[in-house]
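S.K.: Below are the sequence and a predicted model for it; my questions follow.
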Amino acid sequence: MKPVLAVDGDSLAHRAYHALPKSIRRATDRGPANMIVGFTNMLVRLWEIVEPRAVLVGFDSLDTPTYRHEAFPAYQSGREFDDELLEQLDLLPELVDALGFAHAKVPGYEADDFLGAVVALVDVEKKRPVVVATSDRDLFQLASERTTILQPTRGVSELTRVGPAEVRERYGVEPRQVPDFIALRGDPSDRLPGAKGVGPKTAASLLAQYETLEAALEAGRFAAQAEELRLYRRIATVDASAPLPPLEDQTPTWAEASALVERWGLKNLGGRLLERASGAA
């Protein structure tokens, strides 16, 4: 049974931007193009590896705060992005559509939420496998017998497959415990401080003893931080109610994507996509 491929668009985009030289420019206006080229190559490579029946690429809405930012103002604070990164990032949803795939970008939600929504939808309604492509280890919470996490390591030439066993090996917790684990341990990249004096080993030990953060709090642990830790857990948990476009079976539209990137002044990339279209005909 062919899986659904759910892609963390921002994760791949940032990886592409920092992996390829900024000297890659568009012929039309000399605008930046390294992210566009790298992201396209990564997405095509993932499609080759996974051979999915459908692809959903989730994106953050960087100009709109989510409930996470409103509930915890320090959340992801201090992040600054180059103008050339943001310029290219805004073009990627159109590129995904031109490839014949689906994208989700809705104010108030993060890419993680859309990936969680795909897993919930497919698991409940279709009983199909899902492959989640992301560098974000917070999404280990989605791993299950039917959902595999693909972590790009070197571009996407190397991919690490993460399932429940790998989550247990890395963190000493079950996938469903990952949000509790993050709340206790903290997450520097998102500016979540975690419980005072608790590192990864202690967090795993506490969850082995109590099973959940809530049970630990009910037992009297971290009484002074109880509400903070509940908030951190909520922030770390994907919102699987995020709205999704239809996920019907898809056939890549390489020629349409080729025409789009050539209009952007990326003739070489367009040629490679057109070769795919000719090969698929």
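M.R.: Okay, I see it. None of these values were measured; they are calculated from a predicted model.

S.K.: show me where the protein has strands.
M.R.: Using DSSP state E, the strands of the chain run over residues 4-8, 54-58, 102-104, 130-133, 147-154, 158-162.

S.K.: Point out the most buried one among the ones you listed.
M.R.: Comparing the strands of the chain by mean neighbour count (mean count of other C-beta atoms under 10 Å), strand 4-8 comes out on top with a mean of 28. All C-beta atoms are positioned from the backbone trio N, CA, C, and that covers glycine.

S.K.: Pull the residues that contact it.
M.R.: For strand 4-8, the surrounding residues in contact (C-beta atoms under 8 Å, 6 or more residues apart in numbering) are 43, 46-47, 50, 52-58, 111-112, 114-115, 118-119, 122, 126, 128-136, 139, 247.

S.K.: pull the CA atoms of it into PDB?
M.R.: C-alpha atoms of strand 4-8 as PDB (Å, rounded to 0.1, in the frame of the first residue of the first chain):
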ATOM      1  CA  VAL A   4       1.100   9.400   2.100                       C
ATOM      2  CA  LEU A   5       4.200  11.700   2.300                       C
ATOM      3  CA  ALA A   6       3.800  14.600   4.700                       C
ATOM      4  CA  VAL A   7       6.700  17.100   4.300                       C
ATOM      5  CA  ASP A   8       7.800  19.800   6.700                       C
END
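
S.K.: Report the rounded mean pLDDT for that strand.
M.R.: Mean pLDDT, computed over strand 4-8, is 98.

S.K.: so who does the residue nearest to residue 22 when sequence neighbours are not counted touch?
M.R.: Closest residue to residue 22 apart from its sequence neighbours, by C-beta to C-beta, 6 or more residues apart in numbering: residue 34 at 5.6 Å. Contact analysis of residue 34 by C-beta under 8 Å, 6+ apart lists 16-17, 20-24, 88.

S.K.: Same check on residue 36?
M.R.: Contacts for residue 36 were tallied using C-beta under 8 Å, 6+ apart; they are 88, 91-92, 95, 261, 264, 266, 269.

S.K.: So for it, what's the pLDDT?
M.R.: 98.

S.K.: And for residue 80?
M.R.: Model confidence at residue 80, given as pLDDT, is 81.

S.K.: Neighbours of it, how many?
M.R.: Residue 80 sits with 5 neighbouring residues when counted by other C-beta atoms under 10 Å.

S.K.: Same check on the one 5 residues further on?
M.R.: For residue 85, the neighbour count with other C-beta under 10 Å is 19.
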